[in-house]
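Asker: any chance you could fold what I've pasted below:
(2 chains)
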Amino acid sequence: MTVINSPRPRAPRSRIGRVLTYALVIAIALAIAVPVAWVLLASLKKKSEFFGSPWTLPEGLRLENYVDAFTDAHLGQYFLTSVLVTVFGLVLVLAVSVPAAYVIARYEFRGKGIVQIALLGGLFVNVNYIVVPIFLMLVDWDKALIDVFPGGFFLDNPGVLSLVYAATSIPFTVYLLTAYFRSIPVEYEEAASLDGASRFRIMTRIMLPMARPAVTTVILFNFLAYWNDFIISLTLLPGEGKTVQVGLLNLFTAQKAAADYGRLYAGMVIVIVPVLIVYAFIQKRLIEGMASGGVKG
Amino acid sequence: MLACLLPALVLFAVFMVYPTVNVFRMSFYTWSGFSPDMTFVGLDNFRHLIDDKQFVRAFQNTVALLVVVTVVTMGMGLFLAAIMTRQKLRGRNFLRFVLYVPNVLSVVVIAAVFSAVYDQNNGLLNGTLRLLSLDGWQQVWLGNQKIVLYSVGIAMVWQSLGYYMVLYMSSMSSIPEELYEAAGLDGASNARQFFSITMPLIWQNLRTSLTFFIMSAVNLSFVLVRAMTGGGPDSSSEVLLSYMYKQAYTNSSYGYGMAIGVVIFVFSFLVSLLVSRATRREPLQF
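Answerer: Model prediction:
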């Protein structure tokens, strides 16, 4: 005998289901939060406190680890390099992508099809595949200019790193901006050009402000990509100047070998915290941006 | 007009098109990188790959990681997204915030976090097992050849789960509520509603994300392996890209390394094509 459409027999089971659901979701959230929180706490421990149970709290607010990481491990200096490279990369990518996307979205020209297909193909080329030829190309350029710049110019140059970041994110940036520019009604531009505005003026004064949501999305995604990269900066900055990620990687190798974790954990916190703060402020934007087509792994 | 396009196109051509073409071109040569002699060897590099045990190992590892990590991440992501959109959990926004955090962290940080968790003596995992008197379960998580690949896989899932959950949440939340109400009145269980309503309606989104996931997982596995294990112990966690990197820089066999690069290109392209073919359905609308 079956009872159809009667809610009563189902109620207790669904309450158990609900409790189980909560338990599962909380377990997953804890699996994500606990390691991060643990690192934050451990960054305050002194060397002897790392042995024994990992669940003991640090004895006090020891900040020496941070001073060590900032100065002795040069993370402060690397941090600055990262900030500069990221900001310069963002400025560059916007300066070249906005005009390109505007032209592609609004004008017909010969070879437009080819340009679009090439850029679309570029979406599927990840920098990690082509970092070796980029490196070799820069080595060649340095060789060619050895008389002018005996110490080399293209490698170990944070500016060139920014350029590579910007160049390799052009496909994604142009793709997103073009789609957005297309969705803005043409009437605004027509009205402006009747009023005698030049094309440049239309682009900077009308289209760009209207495309602000798309521009913000692009900045966010590229910011995370540039700031978090380490393979490209590891390859292109082989000398003393490093980005904060490569600096952390070196610290990580050194401290692990020495079983001295305090400075390492402090270094991790220095890298994690700014990103977390930015994320807390922008998470709504980031998630909207993702839904609007910023699918990028 | 040309002035608008030119800077972007020049940068794109110099730093993306030319290097990409070069990957293919160099795969036909043997070259140690810095010496001027570069010999054309045709397909020899590719022939060597078949006999290269380390390459075969790296290939198997990549495939295994792709399959396991894709299934687990997609499955859990879909499941969590369905719960979060259908059940109206309390603290939903906070949970979403927490689950997305790993996605904004850098791979170096993730590698460092997991090394702290996996550390043999003072790590979180073994320490907790000791605390629970489960000493027998303790492992050398990153030093055991049989386990290391799973340890890396867990870090990959940890990193990407939140991203895919949020992605599916946003497409699930646009499904009209009436569909579920009608199904509920007809006595369809939650599971039934998930497979008969949710899944078909977000199918297109699922397909796209699957293709992107495969591409990015090939990458993520490399960056994580590079930072976490360096491919070890005894190349048991080597993946295709890390092996390419090793051949190019450590072994100075640029031509051979680039042949591996070509294999990765072709492989990920074929897999994406295959996945996209296999998951093709008539688009449904609501």
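
Asker: ok, which stretches of chain B are strands?
Answerer: B:29-31, B:38-40 (DSSP state E).

Asker: wait, which of the ones you listed is closest to chain A?
Answerer: strand B:29-31 (9.2 Å; Cβ to the nearest Cβ). Placement of C-beta: from N, CA and C, glycine included.

Asker: who does the closest one pair with, and is each partner parallel or antiparallel?
Answerer: Counting by DSSP bridges, the strands paired with strand B:29-31 are strand B:38-40 (antiparallel).

Asker: tally of neighbours for residue A:213?
Answerer: For residue A:213, the neighbour count with other Cβ atoms under 10 Å in any protein chain shown is 13.

Asker: same deal with residue A:278?
Answerer: The tally of other residues near residue A:278 (other Cβ under 10 Å) stands at 16.

Asker: give me the element it is part of.
Answerer: According to DSSP states H and E, residue A:278 maps onto helix A:262-291.

Asker: and that helix, what's buried?
Answerer: A:262-272, A:275, A:278-279, A:282-283, A:286-287, A:289-291 (16 or more other Cβ atoms under 10 Å in any protein chain shown).

Asker: that one and chain B in contact?
Answerer: Yes: counting by Cβ under 8 Å from any Cβ of the partner chain, chain B is contacted by helix A:262-291 at A:264-265, A:268, A:271-272, A:275-276, A:278-280, A:283, A:286-287, A:290-291.

Asker: centroid residue for chain A?
Answerer: Nearest to the geometric centre of chain A sits residue A:224, at 1.2 Å (Cα atoms, centre = their mean).

Asker: ok, that residue to residue B:279 distance?
Answerer: For residue A:224, the distance to residue B:279 equals 28 Å [Cβ to Cβ, to the nearest Å].

Asker: for residue B:54, same thing?
Answerer: On the measure of Cβ to Cβ, residue B:54 and residue B:279 end up 33 Å apart.

Asker: one step back: list just the nearest of the residues of helix A:262-291 next to chain B to residue A:122.
Answerer: Relative to residue A:122, the closest of the residues of helix A:262-291 next to chain B is residue A:290; by Cβ to Cβ it sits at 20.3 Å.

Asker: check contacts around the closest one.
Answerer: If you count contacts by Cβ atoms under 8 Å, 6 or more residues apart in numbering or on different chains, residue A:290 has them with B:163, B:166, B:167, B:170.

Asker: chain center to stretch A:127-141: distance?
Answerer: Its chain's average C-alpha position is 21 Å from that of stretch A:127-141, according to Cα atoms, centre = their mean, to the nearest Å.

Asker: then it to PDB, C-alphas only?
Answerer: The C-alpha coordinates for stretch A:127-141 follow below in PDB (Å, rounded to 0.1, in the frame of the first residue of the first chain):
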ATOM      1  CA  VAL A 127      50.800  30.800 -21.100                       C
ATOM      2  CA  ASN A 128      52.200  27.700 -19.400                       C
ATOM      3  CA  TYR A 129      52.500  26.000 -22.700                       C
ATOM      4  CA  ILE A 130      54.400  28.800 -24.400                       C
ATOM      5  CA  VAL A 131      56.500  30.100 -21.500                       C
ATOM      6  CA  VAL A 132      59.600  28.200 -22.800                       C
ATOM      7  CA  PRO A 133      59.600  29.800 -26.300                       C
ATOM      8  CA  ILE A 134      58.900  33.200 -24.800                       C
ATOM      9  CA  PHE A 135      61.900  32.700 -22.500                       C
ATOM     10  CA  LEU A 136      64.100  31.700 -25.500                       C
ATOM     11  CA  MET A 137      62.800  34.600 -27.600                       C
ATOM     12  CA  LEU A 138      63.800  37.100 -24.800                       C
ATOM     13  CA  VAL A 139      67.300  35.400 -24.500                       C
ATOM     14  CA  ASP A 140      67.700  35.900 -28.300                       C
ATOM     15  CA  TRP A 141      66.700  39.600 -28.000                       C
END
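
Asker: need the residues of the stretch 151-297 of chain A near chain B, please.
Answerer: Residues of the stretch 151-297 of chain A lying near chain B (Cβ under 8 Å from any Cβ): A:163-164, A:166-168, A:170-171, A:174, A:224, A:227-231, A:245-246, A:248-249, A:252, A:256, A:261, A:264-265, A:268, A:271-272, A:275-276, A:278-280, A:283, A:286-287, A:290-291, A:295-297.

Asker: show me where the chain has its helices.
Answerer: All of this refers to chain A. Assigned by DSSP state H, chain A shows helices spanning A:10-42, A:64-67, A:75-106, A:112-122, A:127-144, A:158-168, A:170-182, A:187-194, A:199-201, A:208-210, A:212-228, A:231-236, A:244-257, A:262-291.

Asker: that was the other one, I meant chain B.
Answerer: Assigned by DSSP H, the helices in chain B fall at B:2-12, B:18-26, B:44-51, B:53-86, B:92-104, B:107-118, B:124-131, B:148-172, B:177-185, B:190-193, B:199-201, B:203-228, B:240-245, B:254-278.

Asker: tell me which of those lies nearest to residue A:15.
Answerer: Residue A:15 lies closest, by Cβ to Cβ, to one member of the helices of chain B: helix B:190-193, at 13.3 Å.

Asker: which residue would you name as the spatial centre of chain B?
Answerer: residue B:217 (1.4 Å).

Asker: quick check, pLDDT for residue 179.
Answerer: Looking at chain A here, since you left the chain open. Per-residue confidence (pLDDT) for residue A:179: 90.

Asker: was after chain B, sorry
Answerer: 90.

Asker: tell me the spacing between it and residue B:169.
Answerer: Counting by Cβ to Cβ, the separation of residue B:179 from residue B:169 is 17 Å.

Asker: please apply the same query to residue B:280.
Answerer: From residue B:280 to residue B:169 the distance is 24 Å (Cβ to Cβ).

Asker: more neighbours, the two?
Answerer: Comparing residue B:280 with residue B:169 by neighbour count (other Cβ under 10 Å), the higher total belongs to residue B:169, at 20 against 10.

Asker: next, count neighbours for whichever residue of the stretch 101-250 of chain B sits closest to chain A.
Answerer: Nearest to chain A in the stretch 101-250 of chain B, going by Cβ to the nearest Cβ, is residue B:216, at a distance of 2.2 Å. Residues near residue B:216, counting by other Cβ under 10 Å, number 18.

Asker: quick one, grab the pLDDT at it.
Answerer: 85.

Asker: dump the residue contacts of residue 88.
Answerer: Chain wasn't specified; assuming chain A. A:158, A:159, A:162.

Asker: for the worst-scoring helix or strand of chain B on mean pLDDT, packing partners?
Answerer: Ranked by mean pLDDT, DSSP states H and E, the weakest helix or strand in chain B is helix B:124-131, scoring a mean of 82. With contacts taken as 3 or more Cβ pairs under 8 Å, 6 or more residues apart in numbering or on different chains; DSSP states H and E, helix B:124-131 sits against helix A:10-42, helix B:107-118.

Asker: just give the nearest non-adjacent residue to residue B:180, would you?
Answerer: Nearest non-adjacent residue to residue B:180, counting by Cβ to Cβ, 6 or more residues apart in numbering or on different chains: residue B:193, 5.8 Å away.

Asker: please tell me how far the residue of the stretch 101-250 of chain B closest to chain A sits from residue B:160.
Answerer: Going from residue B:216 to residue B:160 by Cβ to Cβ gives 8 Å.

Asker: tell me the contacts of residue B:44?
Answerer: Residue B:44 is in contact with residue B:30, counting by Cβ under 8 Å, 6+ apart.

Asker: please report how far it lies from residue B:54.
Answerer: Plainly put, residue B:44 is 17 Å away from residue B:54 if you go by Cβ to Cβ.

Asker: go on, residue A:181?
Answerer: Distance of residue A:181 to residue B:54, given as Cβ to Cβ: 48 Å.

Asker: more neighbours: those two, which one.
Answerer: Set residue A:181 next to residue B:54 and count neighbours by other Cβ under 10 Å: residue A:181 wins out with 21 against 14.

Asker: give me the nearest residue to the more buried one, chain neighbours excluded.
Answerer: The shortest distance from residue A:181 to any non-neighbouring residue, by Cβ to Cβ, 6+ apart, is to residue A:105 (3.6 Å).
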